[in-house]
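> Below are the sequence and a predicted model; questions follow.
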Amino acid sequence: MAAKRPLQSRVGAADWLRTNLFSNWWNTIVSLLSIALSLWLLFVFAKFLFIDANWDRVWANLRLLTVFRYPADLLWRPMLVIVFLMTLFGASAGLSGEGTGAILRNTFRWLMGLIGLIALISLFAFPAVRIWWLLVIVFALGGYRLGRHFPAPVSRPLAWLWGASWIVTLLILYGVGPEESSSPFRLVPATLWGGILLTFFLSITGIVVSFPLGIALALGRQSRLPIIKGICTSFIEIVRGAPLISWLFIASLVLPLIIGANPPAIWRAQVAIILFAAAYLAENVRGGLQSVPRGQTEASRALGMSGWDTTRLIVLPQALRAVIPAIVGLFIGLFKDTSLVTIVGLSDLFAVGITVTNQPESLLVTGGVTREAFIFMALFFWFFSYRMSVASRQLERQLGLGER
Amino acid sequence: MSVRKLPLFVMLALLILAGTVFGQTLDTVRSRGTLICGVNQNLPGFGSIDEDGDFVGFDIDFCHAIAAAVLGDAEAVEFRPLSATERFTALQSGEIDVLIRNSTWTSTRDVSLGLNWAPTTFYDGQGFIVRKNSGIETLEDLDGFNICVQTGTTTERNLADTMATLDIDYTPLVFQDTNQSIAAYDDGACEAFTTDKSGLVSRQTTLRDPGEHTILDATISKKPLGPAGPPTLDATTSKEPLGPAARHGDDQWYDIVKWTVLATFLAEEFGVDSMNASSLFESSESPQVRRLLGADPDRVSALGLDPDAFLNAITQVGNYAEIYDRHLGPDTIFDVPRGLNSLYLDGGLLYSPPM
Amino acid sequence: MLRNVVSGIQRLGISADFGFLGERAGFDISEVPIPYTADDSFGRAMLVAIVNTLKVALPGVALATLLGIGLALMRLSSNWILRQIATVYIETIRNIPLVIIIFLFFTVLFVPGLPRGRNAMMFWGGGLLNNSGWALPWLFPGAGFRSWLPWLVAGLIVAAAILVVRRIQIVRSERPGNPWPPALVALALIGAVGYFVASLNSSYPANLQIDFNPSRARITSYIDIDENGEFSSRVDRAVGYVPVRFVLGAGTVRREFPDSFVELRRTVYSTFRFPLIREREVESASPRFVDEGLAASFGIEFTNYPSIGFIYQDRNRNGSYDRGEEADAETGKGFDGGDYRLVLDVTGFERRLVTGREGEVRVPRFDEFVTEPRVELLAAAPLLLSRPSIPGNLSGGGGLILTVAYLALVVALVVYTSTFIAEIVRGGILSVAKGQTEAAKALGLSGSQTFRLVVFPQAMRVIVPPMISQYLNLTKNSSLGVFAAYPDFFAVSAVIANQSGASVPIVLTLIVGYLAISLSFSLILNWYNERVKLVDR
């Protein structure tokens, strides 16, 4: 395939058209019909997007859609999280080498493009956060330079920072002081979180926390002890057997009744998401474990390594490397599935979108704003999921997994 | 794993997490410093979220009133948006202190779900909206048609009961979201849409051609329900008393919720509103007004509240008429007539026992 | 400690036992594939919901596979634009949450986009599509079906026998051959003969009872389906019917208006499905005017409710009945301000559909002219073709009805899952080494033969395992039907939890139900997977 390409470019556009679109009468008809159909769809969609749609309500509710009811004077805190994470990400991207590292750098570049666009818009439209978006750019690029030019001193603290990043994020978002005070560090209860913030939080926490749990379950399933094996296997199969929506429902309905305590809805949903993700992750990891050739284990045992060391140092690293693309795929699924938490009363992006269509002002718009709200949400999810799936595919190619 | 062992497994898991303790709600609220109020965020007029992220609506204001009475600050409320299916569980489990989410008071819910209903803040009845030119005038005319209804509501159940009594065949189209149901009706997927009449009135303005639709009285029925006589009202269909609900087993807290609602009725009856409450507190000679506002402190204090509890509620939130007009009155897009929700003096059902 | 938990639950007023399953449900379900009313139990409601879930999952799996294979072939096509369309489609759809796709199809596309009510789209062959659903002509088992059944079974046995014998013969002869044609021919022959014989055997259904209520102008027919002497109207939605004709009588009714009158002469009869739908009435009426010249510009429409008829006038004579062409319902006047006398003749059974819905004339009720009702059995064919008849209200007419919620859910699931299936199929086809294709070509196999005999069987080995998990995903994803008002297992369970308050047992039922569905699915599919593997090696 690759060899043919330069040849084609030399013979010119007419030949390209002939081979690819109009090679025979049948192909010609198909091509013409398809082109007409695509143009018509494009026209209908563009007409709605730019002429018929009324974006006023979506625009006016942008704060609700992004952070929901996170206090207006504390918006700097989610922004600080973005600065923090982007700095780490920049440093990692700068640090990374070729191969898989290039994918990280590409993703970083793409994110920076997106952030640049948002910064540009907020420069004119959102005075409250425009400084912060500029800071994000400065720090992210700073982190990148740092990683690029001082790889040796940066790499170790960076690993520690990544390790602590989830806690740090949680701390910044939650705050410390009492809720009533006007202090900038005051507590912001999770009930006020929502929109895109919550969508990201639930899915990222879900994948991060379920990761060790999933590995443990996968190892447990391979265990020689029948009790452990039985528990892990039945957990994995039961959780995977029912849909996420039912687990969310169960978590919200039954848990508080029985434990008596009332963990906030966000944590109940989060628990359901984590357990659900862990079960799927365990299956992926199991696939990875099975792909590690037997000789590896035998060789390390022959070298006198203990069973646990063999697993930890020899088998797991290879198994995990093999399942990275599958884990990215799982994360994309999780990211999209967070939209189901609306069923337990959480205000993720999807729920806020519905709320926006139910405001008295939105009812005044002829025909409602349902279509606009849904296109906004669809575009958001598509944008990030698509980018992640592209990265996942590059990763797959880099790891040479397709070529086994 | 065998399916038979499953309940055992779940029970085992639950055991680990067991341990149920409930405190007295008033103390909990006081020490927490905020009232947690279960509300609807998707019912324009009664509960919605504005662009700034603030909850607004008729039900929401009663949350504010209770917070003002208990904590002295109408803003000390934490709102917990709940879906129709999870609202009662949230109250039972103690996740919320009070549920003010257009919930109908029924015997089942009162008795077996372990809830106590405070006085009704909004008397509603189930209605049907149909197209004027559809020729549908009675419930029997709906025979064989689709009816849009929202899931998890008493409306859904009443509809089934009534239609079964009348032996009418219909297809319910059940929706999770009111917006969806009204849109489906407007687009003609159903011949009729049914929900509480207040909801119908407020939603009618949002239809493409509001004038082309009419709200049927669900109770009009050509077939006498009794053995003989003229058409009678079908009790199960028409009654939808909506009000705040509290948990069973905490009478003090229930009394507080109940009397805060009654205080807004009394205030309207006595002509006390948010503007004049403070001055009436100083100057009024009417013993009733003085008792309500806490100038004669013993009545309010008996509830375990500060003497100025209802003064705070009325100054900060308003009397019933003010709350009603703010969200449903003529100046809003809904313009729902007071009807049954007038004081008993005006022929309505709002009647408070003396204080 | 266990007692603690249980008492904790009971203190909250919530029962932890399964007794609620027998209680009266008290709510209606919009799609009832098996008989159900609000008077049935919660348990039955749950059963209905499980059937509803399967009703989405099985066709969903089949359609998603077809669409997925189509997309995979498009992506592998030599046509550039086809490849691009498939790629854009796949990359767009699979990256949007399924909930949003369901919402888009249901709330944004189908409900507002499809024609409303009476303006239903009509298909060739008698299908009707509007925004409450899609009604298709459908074959239902008729009264003769039971006598046909033994013939069908016999046909199947003979066909199976032929299949086995031919297979052995082919293997022995060591020459290529196809055992299927003779087996199928035998099946068709026996079936056809049986069908003819069963049709002859026509008898009046003994387990049928007719109830006519003149004051309600309503006919209810009961079927004693268990043949235990009890008649209940519960099975009114059952499929399968034999045309039974009720002749309710004939007569002329004259209704006087201040300055005009309407004269109605009706022979009212109706055809019933058997086991029957509760009532059927006049399906169409043709107007006959005293002044014949005017008749062409009028249209009459009866709704399926017997006492209402609509009347229209094509005032601009453009062949359609437009808005604004109203007749005064009270006086019968309003057509050009004129005063017409018309006779509605409904003895004809012509299906005439009139679009538009303006003026209206109330037609007197049956009781004014009904004589003794009588029942005639028309035919006892084993299979009966039922066609949709009423564009405004699909559920009142015949045919198989797919509701708009069902359509939106199935389409969304198919559209979404097909993108994943397409990638699996494409990967499978690409995994077959190129040398295989070249070798097949060298042996003189044609393009389609190469695909059918060489590439496809090898690709299947790679395709089947991930495909199984996609099928299971689709089944589990049908739980999002709650977002399209579709009463699936999850949606109904949530309603029951709300109505009965029995959260814990419902949660258990939910898990066990889904596990059972998933397990039985994967058992079947894994069995197939084993077969594919064995065939190959």
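That came in fine, so what should we check first?

> Show me where the stretch 1-150 of chain B has its helices.
Secondary structure of the stretch 1-150 of chain B, counting by DSSP state H, counting those that start in this stretch: helices at B:6-16, B:25-32, B:58-71, B:87-92, B:107-111.

> quick one: which of those is nearest residue A:81?
Taking C-beta to C-beta, helix B:25-32 is the member of the helices of the stretch 1-150 of chain B nearest to residue A:81, at 27.2 Å. Just so you know, the C-beta spots here come from the backbone N, C-alpha and C atoms, and that holds for glycine as well.

> Alpha carbons only: can I get the closest one in CSV?
Taking C-alpha atoms only, helix B:25-32 is exported to CSV below (Å, rounded to 0.1, in the frame of the first residue of the first chain):
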residue,chain,number,x,y,z
THR,B,25,-33.4,15.7,62.8
LEU,B,26,-33.6,19.2,64.4
ASP,B,27,-30.3,18.7,66.3
THR,B,28,-28.7,17.3,63.2
VAL,B,29,-29.8,20.3,61.1
ARG,B,30,-28.8,22.8,63.8
SER,B,31,-25.3,21.2,64.2
ARG,B,32,-24.9,20.9,60.5
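
> Which other helices and strands does that helix contact?
Helices and strands touching helix B:25-32, by 3 or more C-beta pairs under 8 Å, 6 or more residues apart in numbering or on different chains; DSSP states H and E, are helix B:58-71, helix B:251-270.

> so which of the helices of the stretch 1-150 of chain B is the most packed in?
The highest average neighbour count among the helices of the stretch 1-150 of chain B, using mean count of other C-beta atoms under 10 Å in any protein chain shown, belongs to helix B:58-71 at a mean of 27.

> Can you report phi and psi for residue C:89?
Here is the backbone geometry of residue C:89 (degrees, to the nearest 10): phi -60, psi -50.

> you'd agree it is up against residue C:416?
No. The criterion here is C-beta atoms under 8 Å, and residue C:89 misses it with residue C:416 at 11.2 Å.

> Those two: which has the busier surroundings?
Between residue C:89 and residue C:416, counted using other C-beta atoms under 10 Å in any protein chain shown, the more crowded position is residue C:416 (23 against 18).

> Next, the buried residues of the strand or helix carrying the more buried one.
Here residue C:416, judged by DSSP states H and E, is contained in helix C:404-431. If you call a residue buried by 16 or more other C-beta atoms under 10 Å in any protein chain shown, then helix C:404-431 has these buried ones: C:404-426, C:428-430.

> list the helices and strands it packs on?
Secondary-structure packing of helix C:404-431 (3+ C-beta pairs under 8 Å, 6+ apart): helix C:42-75, helix C:80-93, helix C:98-103, strand C:133-136, helix C:456-477.

> closest one to residue B:330 among the ones you listed?
Residue B:330 sits nearest to helix C:98-103 of all the helices and strands packed on helix C:404-431, at 34.8 Å, using C-beta to C-beta.

> Break chain B down into its domains, please.
Domain ranges of chain B: B:3-123+B:242-346, B:126-238, per automatic domain parsing.

> Contacts only, for the closest residue to residue A:214 other than its chain neighbours.
Setting aside the residues directly before and after it, residue A:214 is nearest to residue A:281 in space (C-beta to C-beta, 6 or more residues apart in numbering or on different chains), at 2.9 Å. By C-beta atoms under 8 Å, 6 or more residues apart in numbering or on different chains, residue A:281 lies in contact with A:210, A:211, A:213, A:214, A:215, A:217, A:218, A:327, A:330.

> Counting only helices, which of those make the cut?
The helices, defined by DSSP state H, take in A:210, A:211, A:213, A:214, A:215, A:217, A:218, A:327, A:330 from these.

> Out of these, which comes closest to residue B:288?
Set against residue B:288, the nearest of the ones in helices among the contacts of residue A:281 by C-beta to C-beta is residue A:210 (61.8 Å).

> Which segments of chain C make up each domain?
Per the record, chain C has its domains at C:20-132+C:403-534, C:144-201, C:208-398, by automatic domain parsing.

> Comparing these, which yields the minimum mean pLDDT?
Note on the domains of chain C: lowest mean pLDDT is at domain C:208-398, with a mean of 43.

> looking at this, residue B:215 is in a helix?
No. Using DSSP: H, G, I helix; E, B strand; the rest coil, the assignment for residue B:215 is strand, not a helix.

> what is it paired to in the beta sheet?
residue B:129 (DSSP bridges).

> Contacts only, for it.
Residue B:215 is in contact with B:127, B:128, B:129, B:197, B:200, B:201, B:204, counting by C-beta under 8 Å, 6+ apart.

> mind putting the residues you listed in a markdown table, neighbour count included?
Below are the contacts of residue B:215 laid out as a markdown table (neighbours: other C-beta atoms under 10 Å in any protein chain shown):
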| residue | neighbour count |
| --- | --- |
| B:127 | 24 |
| B:128 | 26 |
| B:129 | 24 |
| B:197 | 24 |
| B:200 | 21 |
| B:201 | 20 |
| B:204 | 17 |
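
> For residue A:144, state which of those is nearest.
For those, the nearest to residue A:144 is residue B:204 (57.6 Å; C-beta to C-beta).

> ok, and the closest non-adjacent residue to the closest one?
Nearest one to residue B:204, counting by C-beta to C-beta, 6+ apart, is residue B:210 at 5.2 Å.

> Wait, residue A:165 touches residue A:85, no?
Yes. Assessed by C-beta under 8 Å, residue A:165 is found in contact with residue A:85 at 6.5 Å.

> Distance-wise, check the nearest residue to residue B:270 once chain neighbours are set aside relative to chain C.
Leaving aside its chain neighbours, residue B:270 sits nearest to residue B:289 (5.1 Å; criterion: C-beta to C-beta, 6+ apart). Applying C-beta to the nearest C-beta, to the nearest Å, the value for residue B:289 to chain C is 40 Å.

> Buried residues of the host helix or strand of residue B:289, list them for me.
Per DSSP H and E: residue B:289 is located in helix B:287-293. Neighbour-count burial for helix B:287-293 flags B:289, B:290, B:291, B:292, B:293 (criterion: 16+ other C-beta under 10 Å).

> Report pLDDT for residue A:367.
You'll see residue A:367 listed with a pLDDT of 69.

> Next one, pLDDT for the residue nearest to residue A:335 when sequence neighbours are not counted please.
In space, residue A:335 comes closest to residue A:203 once its chain neighbours are excluded; the distance is 4.3 Å by C-beta to C-beta, 6+ apart. What the model reports as pLDDT for residue A:203 is 92.

> now swap in residue B:112 and tell me
Here the pLDDT value assigned to residue B:112 is 71.

> Number of residues surrounding it?
Counted with other C-beta under 10 Å, residues neighbouring residue B:112 total 13.

> The residue nearest to residue B:204 contacts residue B:203, correct?
No. Counting by C-beta under 8 Å, residue B:210 sits too far from residue B:203 to count as a contact (9.5 Å).

> what about these two, which has more around it?
Per other C-beta under 10 Å, whichever of residue B:210 and residue B:203 has more neighbours is residue B:203, with 25 against 10.

> ok but that one is inside a strand, no?
No. Counting by three-state DSSP, residue B:203 is not found in a strand; it is helix.

> pretty sure it contacts residue B:181?
No. Using C-beta under 8 Å as the test, residue B:203 is too far from residue B:181 to be in contact (9.1 Å).

> Determine the residues that are contacts of both of those two.
By the contact definition C-beta under 8 Å, 6+ apart, residue B:203 and residue B:181 are jointly contacted by B:193, B:195.

> quick revisit: out of the contacts of residue A:281, grab the one that's most surrounded.
Among these, residue A:214 has the most neighbours (other C-beta under 10 Å), with 27 neighbours.

> For chain C, see how far away that residue is.
Distance of residue A:214 to chain C, computed by C-beta to the nearest C-beta: 16 Å.

> how close does that residue sit to residue A:14?
From residue A:214 over to residue A:14 the distance is 54 Å, taken as C-beta to C-beta, to the nearest Å.

> Let me know how buried residue C:67 is, in neighbour terms.
18.

> Setting the sequence-adjacent residues aside, check what's closest to it.
Using C-beta to C-beta, 6+ apart and skipping residues adjacent in sequence, the residue nearest residue C:67 is residue C:418, 3.8 Å away.
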